[in-house]
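Participant: sequence and predicted structure below; questions after.
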Number of protein chains: 2
Amino acid sequence: MKKTIKILLADGDRNLGFILKSFLTLKGFPTVLCLDGTEALERYENDAFDFIITEVLLRNIDGYTLAETIRKYDKEIPIVFLTSKSSRLNVSRGFEIGADDYITKPFSMDELLDRVKAICRRTVLKTRNEHIFQLASYTFDSVRHVLIRNGIEKKLTGRELDLLFLFCEYKNRVVERSFALMRVWHKENYFNARNMDVYINKIRKLLKDDPNVELRNVHGIGYKLVVKE
Amino acid sequence: MKKTIKILLADGDRNLGFILKSFLTLKGFPTVLCLDGTEALERYENDAFDFIITEVLLRNIDGYTLAETIRKYDKEIPIVFLTSKSSRLNVSRGFEIGADDYITKPFSMDELLDRVKAICRRTVLKTRNEHIFQLASYTFDSVRHVLIRNGIEKKLTGRELDLLFLFCEYKNRVVERSFALMRVWHKENYFNARNMDVYINKIRKLLKDDPNVELRNVHGIGYKLVVKE
DNA sequence: TCTCAGTTTTAACTTTTTTTAACTCAGTTA
DNA sequence: TAACTGAGTTAAAAAAAGTTAAAACTGAGA
């Protein structure tokens, strides 16, 4: 299962690349850095990524060609291009390949992070087609924001909804704590972590009437919504 | 027959500007890029545009002044301001000029496109005189200022009308509180915010007879008029 | 100009939701 | 088993939103 968004970063500048990689990884997006196009493609073929960030000007294989090749395998994966001021570039080629964004250097780390997050949010929204989940005797309607059992409806608050929705997406699979924090609170710190504990508690109380549903903790890793059916 | 929307984009950053221009053009909105206020104004006077996107901080003539000048010629043309996070700016001045939206950098391309499209939809509604909205079993006629259900008409007051109209424009999408305050009250402060609460309450009472319409709060963000159809 | 009804704003107060905090309990490792 | 870290519980504080009523404003008609 996919717990986190794993980024493939292709940037020829070893120093900047390393800084970006460290920053993104720290912010909850594990990142692999490649210094040229060939390396990036090789890495892509031998690993599983959820997000591509690539410079336009890249040694061996340029960013556009890299993106095109990756698009052949994956029509959905978000691709963001980085360009420097000096570089002559073919923006429309980028967008025809299906770029999700272009970011011009110089940019701040936070700017990059913000845009990565924005694109993730969007991609997640797209997949949010299914909105009614059956959890043993509970019915969870994420559009109407209610949890129903024996005809009794309980209205969910925003945080309850987002968190329960996340666990439903990954029903019977482990969701990592840090992933949940990023998805629901969009950041990770001590207080958000405690706050999540509180909401885990609330969700457990909401689901307590049917022993066939259980929000189980996986020590040191995260949680798993176990549904017997 | 759909008319193409031609955009005048004023942005001092040559690179970002070029990317935005290419992106918008590719997405079906032919765009002309100007790098400063004087150039933008000159272009505006010698060409026909349907949409203005301008940075607030612009060389020679700033974005606000540019917008004000254009407003003298055209009371209807949609104007969107781009601002950077850091820049201290005068949001209410923008809305007094009649801004349709403010977009804070960094934003993703898709975000910009979405908002441009949303504004076009609205403008089309206005010019087509599509002013009647069907909200489940309610009919809202924004020209006659009435809300009708089962043949019973209720007259709406000014504020009720403006606010409900705004929510209808963004039906099933979230309208941010501060955006609503700007659009309806043209400024944002503690009392306006409380005042809006009062009108949210009024609108909910007006719409309470059909459970298929709901003005839902999104905690910490805004409201969403949810209509099941 | 004055009055009055309709409308909007201000204000005080309540409720809901989220966050912070303090403390307890459980699982892991040396 | 002690020490440590992760997780669970509960309560309080803080922030956001909802409700209600009175005050202030506004504009049409006397």
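Facilitator: Cool, the structure landed.

Participant: all contacts plus neighbour counts: C-alpha atoms, from now on.
Facilitator: Noted.

Participant: where in chain A is the helix or strand with the lowest mean pLDDT?
Facilitator: helix A:109-127 (a mean of 75; mean pLDDT, DSSP states H and E).

Participant: ok, residue A:185 to residue A:196 distance?
Facilitator: 9 Å (Cα to Cα, to the nearest Å).

Participant: over to residue A:32?
Facilitator: 29 Å.

Participant: likewise for residue A:154?
Facilitator: Distance from residue A:154 to residue A:196, by Cα to Cα: 20 Å.

Participant: what's the answer for residue A:22, then?
Facilitator: From residue A:22 to residue A:196 the distance is 25 Å (Cα to Cα).

Participant: cool, and residue A:144?
Facilitator: Counting by Cα to Cα - residue A:144 and residue A:196 are separated by 23 Å.

Participant: looking at residue A:22 and residue A:196, which is more packed in?
Facilitator: Comparing residue A:22 with residue A:196 by other Cα atoms under 10 Å in any protein chain shown, the one with more neighbours is residue A:196, at 19 against 16.

Participant: ok, residue A:172 - contacts?
Facilitator: A:224-227 (Cα atoms under 8 Å, 6 or more residues apart in numbering or on different chains).

Participant: you'd agree it is in a helix?
Facilitator: No - secondary structure of residue A:172 (DSSP: H, G, I helix; E, B strand; the rest coil): coil, not part of a helix.

Participant: what's the closest non-adjacent residue to it?
Facilitator: residue A:226 (4.8 Å; Cα to Cα, 6 or more residues apart in numbering or on different chains).

Participant: name the element that neighbour belongs to?
Facilitator: In the assignment (DSSP states H and E), residue A:226 maps to strand A:222-227.

Participant: same check on residue A:21?
Facilitator: Counting by DSSP H and E, residue A:21 is found in helix A:14-26.

Participant: list the buried residues of that helix.
Facilitator: A:17-18, A:20-25 (16 or more other Cα atoms under 10 Å in any protein chain shown).

Participant: swap in stretch A:219-226?
Facilitator: In stretch A:219-226, counting by 16+ other Cα under 10 Å, buried: A:222-226.

Participant: what do you get for stretch A:135-150?
Facilitator: For stretch A:135-150, using 16+ other Cα under 10 Å, the buried residues are A:135-142, A:145-149.

Participant: next, the buried residues of stretch A:197-213.
Facilitator: A:199-200, A:203-204, A:207, A:213.

Participant: and the end-to-end length of it?
Facilitator: 18 Å.

Participant: avg pLDDT for that stretch?
Facilitator: If you average the pLDDT over stretch A:197-213, you get 96.

Participant: contacts for stretch A:178-195, please.
Facilitator: Contacts of stretch A:178-195 (Cα under 8 Å, 6+ apart): A:3-4, A:27-28, A:159, A:162-163, A:166, A:196, A:222.

Participant: which of these sits closest to residue B:40?
Facilitator: residue A:27 (39.9 Å; Cα to Cα).

Participant: gap between the closest one and chain B?
Facilitator: In this view, residue A:27 and chain B are 18 Å apart by Cα to the nearest Cα, to the nearest Å.

Participant: ok, that residue - how many residues close by?
Facilitator: For residue A:27, using other Cα under 10 Å, the count is 15.

Participant: likewise for residue A:109?
Facilitator: 12.

Participant: which intervals of chain A have sub-threshold pLDDT?
Facilitator: Within chain A, the segments meeting pLDDT under 70 span A:1-4, A:85-89, A:122-129.
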